[in-house]
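**Student:** sequence first, predicted coordinates after that:
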Amino acid sequence: MSESDQVERETMEFDVVIVGAGPAGLAAAIRLKQLAAEKDKEVSVVVLEKGSEVGAHILSGAVIDPVALDALIPDWRDQGAPLTTEVSADHFHYLTSETGGLGLPTIFMPPLMSNHGCYTGSLGNLTRWLGEQAEALGVEVYPGISVTEAIIGAGGEIEGVVTGDLGLARDGSHKDSYTPGMALTGKYTFLAEGARGSLSKELIKKYDLDRESGTQKFGIGLKELWEIPAEKHKPGLVQHTMGWPLEDNTGGGSFLYHFGENLVSVGFVVHLDYANPYLNPFKEFQRSKLHPRIRQHLEGGKRIAYGARALTEGGWQAIPQLAFPGAALIGCSAGFMNVPRIKGSHNAMLSGMMAAEATFEAIEAGRAHDTLDAYPQKLKSSALAKELKKVRNVKPLWSRFGTRLGVILGGIDMWLNTLFPFLGHTLKHLKPDYASLDTAAQSKPIDYPKPDNALTFDILSSVFLSSTSHDEDEPVHLKLTDPSIPVDQNLPEYAEPAQRYCPACVYEVVEEGDTVRFQINAQNCVHCKTCDVKDPAQNITWAPPEGGDGPNYANM
């Protein structure tokens, strides 16, 4: 807690404080309670979630590998988990043009890339179900609570967290509804905030946790949920594409999954190490749906939801130090996504479970606020580590050689690491994503088609479908270190890319006569955090707004 914070706060004490009610945080909480029950011990666990409810901010494709669920709740299939559509068909296409493409036979794909045995569904709904399981075991789950800072002891150990104040006006003054945040202390604190978590970012920097791993890499994932005619629905069909509409030097591609009652998840990922400042991930997603191999699934259907989220893409070599005094990074706060599989929820859950096991051992031994060395040790010898090591070179190969050659080289590398798991060569990531942009003078503007409002849409109508809400009379949660940089530096050098990389029209360059100003429409923010990653001057900091704000995703 900062020394300047003189606010009188209520304090609640727990054994373990978990920031984030996603798959990692809830799996950790459930595992702690399971271990306590096995040993007939009492372990108090609290999970804090900034969304208005558990699952409100969860967005994923999703094709879910059940390996973590099988380990955590072996009878989940009989317990009513909302994951019932098993993968029935698995297709991969390289799109060569706006109408052409090549299908890659699955026989050439490394075994790890197969989706058979996995399930299509809504990760948000699965997370809600995990929240119910956690509460049934006695976990205290509090949604609508933002966490703004860590409580740091005299020796540098993490002693808990402080939740955000409620009822602050836009200028920082106290409204009639003002309520100070609380201090929640614990013997150990887990950071399970997801990709580019605000507190995780701050503590990674403070404790220099990435001094050996180097920079993390990211992508932006955009997703729509469609309801399609029953006769077109193929439960369990999975399709991925790479290539068009992206240039060869820009990584990414589309995903499309059939699940549930006539539902289709369709989405697009753009790797945030792209170079052209004129690229617009949202518009790339929209025009990708015009390709015959995608549009055939959607025509005659209705778009019912939209969202976007940053993804961790650095892989094995970008995982920071996982444990430090009193705290641990779990899930995508650390970055356990398997990039070529586009899967991370199972690894997030496994990391939470391993952290829980190490923590329970420490609490049983009477320890508190020390470094949980057993957690990274467990992880390094786990199936999670074996999986990520097999694909560790794929992302660097894509970044170095482009999509066409990079996919071939990445496939060869995965096969070699599958057949010869003792291979040790690891490619490093060359530079952070924000440093990858060419200047506007070096780049060519991209001419995107106008939305047809049948298959393709504009941003603002999309944001409406995310059910995003922020109180307009609250502090802006998108902070500029230097307010002059967007117009004076980013605009002439990069044509101010924030007005394009943001998938919610938060940032605008507004011309009023001879005056040009940078406008932040914070109420549109879907909490994807792309701006925090991609701003070339690293001038934008995403901070948590009042608890309960942001998107309210359903079935996402």
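**Tutor:** Received the coordinates, thanks. Numbers count the residues shown, from 1 in each chain.

**Student:** how close does Arg404 get to Leu298?
**Tutor:** Applying C-beta to C-beta, to the nearest Å, the value for Arg404 to Leu298 is 27 Å. Every C-beta, even on glycine, is put in place using the N, C-alpha and C of the backbone.

**Student:** what about those two, which has more around it?
**Tutor:** Leu298 (19 against 14; other C-beta atoms under 10 Å).

**Student:** can you report phi and psi for the closest residue in space to the more buried one that isn't next to it in sequence?
**Tutor:** Counting by C-beta to C-beta, 6 or more residues apart in numbering, Trp226 is the residue found nearest to Leu298 once chain neighbours are left out, at 5.6 Å. Here is the backbone geometry of Trp226 (degrees, to the nearest 10): phi -120, psi 150.

**Student:** measure Trp226 to Leu130 for me?
**Tutor:** Taking C-beta to C-beta, one finds Trp226 at 25 Å from Leu130.

**Student:** can you get me a residue count around Pro292?
**Tutor:** When neighbours are defined as other C-beta under 10 Å, Pro292 has 12 of them.

**Student:** ok, Val506 - contacts?
**Tutor:** Counting by C-beta atoms under 8 Å, 6 or more residues apart in numbering, Val506 touches 478, 498, 520-522, 524-525, 531.

**Student:** now do Val238
**Tutor:** Taking C-beta under 8 Å, 6+ apart as the contact definition, Val238 lies against 63, 87, 89-91, 115, 120, 255-258.

**Student:** that's a strand at it, yeah?
**Tutor:** Yes. Counting by DSSP: H, G, I helix; E, B strand; the rest coil, Val238 is part of a strand.

**Student:** my guess is Thr541 is in a strand, correct?
**Tutor:** Yes. The assignment for Thr541 by three-state DSSP puts it in a strand.

**Student:** partners of it in the sheet?
**Tutor:** Note on Thr541: beta-bridge partners Lys479, judged by DSSP bridges.

**Student:** my guess is it contacts Lys529, does it?
**Tutor:** No. Under the criterion of C-beta atoms under 8 Å, Thr541 is not in contact with Lys529, lying 10.0 Å apart.

**Student:** more neighbours: which of those two?
**Tutor:** Between Thr541 and Lys529, Lys529 has the larger neighbour count (other C-beta under 10 Å), namely 23 against 16.

**Student:** what's the local residue count around the closest residue in space to that one that isn't next to it in sequence?
**Tutor:** The shortest distance from Lys529 to any non-neighbouring residue, by C-beta to C-beta, 6+ apart, is to Arg196 (4.2 Å). Neighbour count for Arg196, taken as other C-beta under 10 Å: 24.

**Student:** quick one: which of the contacts of Val506 sit in strands?
**Tutor:** 478, 520 (DSSP state E).

**Student:** just to revisit the earlier point, just the buried members of the contacts of Val238?
**Tutor:** 63, 87, 90-91, 115, 120, 255-258 (16 or more other C-beta atoms under 10 Å).

**Student:** what is the nearest of those to Asp514?
**Tutor:** Nearest to Asp514 among the buried ones among the contacts of Val238, counting by C-beta to C-beta, is Phe255 at 45.6 Å.
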